[in-house]
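Visitor: Please work out how this folds:
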Amino acid sequence: MDTRTLGRTGLSVTPLGLGAAEIGFLDVSQNDCDRLLNGILDLGINLVDTASCYAHSEEKIGRSISSRRDEFVVVTKCGHSGNGGGPPEWTPEVIRFSAERSLRRLQTDHLDILLLHSCPEDRLEEAELIEALQKCKDDGLTRFIGYSGDGEALGRAIGMEALDCVETSVSICDQQVIDMYLPKAREGEKGILAKRPLANTCWRDMEQYSGMYGSYAEAYLQRLEKLGFSPESLGCYCDWIEMALRFTVFQPGVDSALVGGTSLAHVEENIHFINNGPLAEEVVQMIRDAWKEHDDGSWTGET
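Guide: Model prediction:
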């Protein structure tokens, strides 16, 4: 799989990354985690995204990748105490506490990217918080720093020179960011990681697939019902997953799309979809036109 340069960080990342929340929240066994992480690397995927609050995701990832650490781009998040306690959230103290804890859990001497995790906009305005994040970078705990979130807080973060990259929702059901924020991020040479590119597969049966992400899936399903399109209606000769993934991966500025999961077979399938290249321009335009017709401004990014 070809790689892309993650904005001004200069990191080479694959256009498909692994979102590792399910490793923690679904209590994936260590053996299965080992197979998954070594398997995606053997398939050519080098980016794994986790967070201190994803149950035991960091610990399991650390045990799995310690022998191949230099082959991975490791992204984690900080700002709230997460499991394991610590100082109050959104304080300079918890930034350092969380970063050092993540290093221990991930069994590494440095993170590649440390992101503020959905920090409210008003807290982003506190210089001490960003200074604490910057100090983690200056002290070598992480190579680069950024922000993970959506909406106006994302816009605020994009305007901050200190931050190297952002992670935000980009999907067929989360398109506001495409016009409102991604161009500004590109202008600032910020790396862009796209979360939830499959919109929690909201086109599937809600009772079966909502699960722990029910609130996201429900909002996305409501939007999709109003948008009123399907691969067939758009003349897109592929299934929902392929259409959604290719829509996100090839949005201008997106460096890597983070797909959660625990199945190597699904990863292989997703690689195949991406290798098919961008959707036809007319299909992308119909998806964008449907969004612009129905979004009244209230369909903000699902954080």
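Visitor: Next SSE downstream of the worst-scoring helix or strand of the chain on mean pLDDT?
Guide: For the chain, the helix or strand with the lowest mean confidence is helix 206-209, at a mean of 53 (criterion: mean pLDDT, DSSP states H and E). Downstream of helix 206-209, the first helix or strand assigned by DSSP states H and E is helix 214-227.
Visitor: any idea which residue sits dead centre in the chain?
Guide: The residue lying closest to the centre of the chain (C-alpha atoms, centre = their mean) is K195, at 3.2 Å.
Visitor: Check the contact between that one and D174; I expect there is one.
Guide: No - counting by C-beta atoms under 8 Å, K195 stays clear of D174, with 9.1 Å between them. Glycine gets a C-beta too; all of them are placed from N, C-alpha and C.
Visitor: wait, what's in contact with the residue nearest to the centre of the chain?
Guide: Counting by C-beta atoms under 8 Å, 6 or more residues apart in numbering, K195 touches 19, 49, 148, 167-170, 258.
Visitor: which among these gets closest to A199?
Guide: S169 (8.6 Å; C-beta to C-beta).
Visitor: pretty sure that closest one contacts A194?
Guide: Yes - proximity of S169 to A194 meets the contact threshold set by C-beta under 8 Å, at 7.5 Å.
Visitor: Pull the number of nearby residues for L245.
Guide: Neighbour count of L245, defined by other C-beta atoms under 10 Å: 25.
Visitor: what angle separates the helix or strand hosting it from helix 214-227?
Guide: Taking DSSP H and E as the criterion, L245 maps to helix 240-249. Per axes from the mean of the first three to the mean of the last three C-alpha atoms, to 10 degrees, the angle that helix 240-249 makes with helix 214-227 is 90 degrees.
Visitor: Show me what the helix or strand following helix 240-249 is packed up against.
Guide: As assigned by DSSP H and E, the chain's next helix or strand after helix 240-249 is strand 256-260. Counting contacts by 3 or more C-beta pairs under 8 Å, 6 or more residues apart in numbering; DSSP states H and E, strand 256-260 packs against strand 16-19, strand 47-49, strand 191-195, helix 240-249.
Visitor: Just send the ones you listed back as JSON lines, with distance to C202 and mean pLDDT too.
Guide: JSON lines is the format used below for the helices and strands packed on strand 256-260 (distance: least, C-beta to C-beta, whole Å; pLDDT from 0 to 100):
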{"stretch": "strand 16-19", "distance to C202": "16", "mean pLDDT": "98"}
{"stretch": "strand 47-49", "distance to C202": "21", "mean pLDDT": "98"}
{"stretch": "strand 191-195", "distance to C202": "15", "mean pLDDT": "98"}
{"stretch": "helix 240-249", "distance to C202": "9", "mean pLDDT": "98"}
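Visitor: Can you show me the strands along the protein?
Guide: 4-5, 12-13, 16-19, 47-49, 73-78, 111-117, 142-148, 165-169, 191-195, 256-260 (DSSP state E).
Visitor: Turn those into CSV, columns for distance to E242.
Guide: Rendered in CSV, the data for the strands of the chain read as follows (distance: least, C-beta to C-beta, whole Å):
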stretch, distance to E242
strand 4-5, 20
strand 12-13, 21
strand 16-19, 13
strand 47-49, 20
strand 73-78, 25
strand 111-117, 28
strand 142-148, 26
strand 165-169, 19
strand 191-195, 16
strand 256-260, 12
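Visitor: wait, which of those is closest to F229?
Guide: strand 165-169 (18.9 Å).
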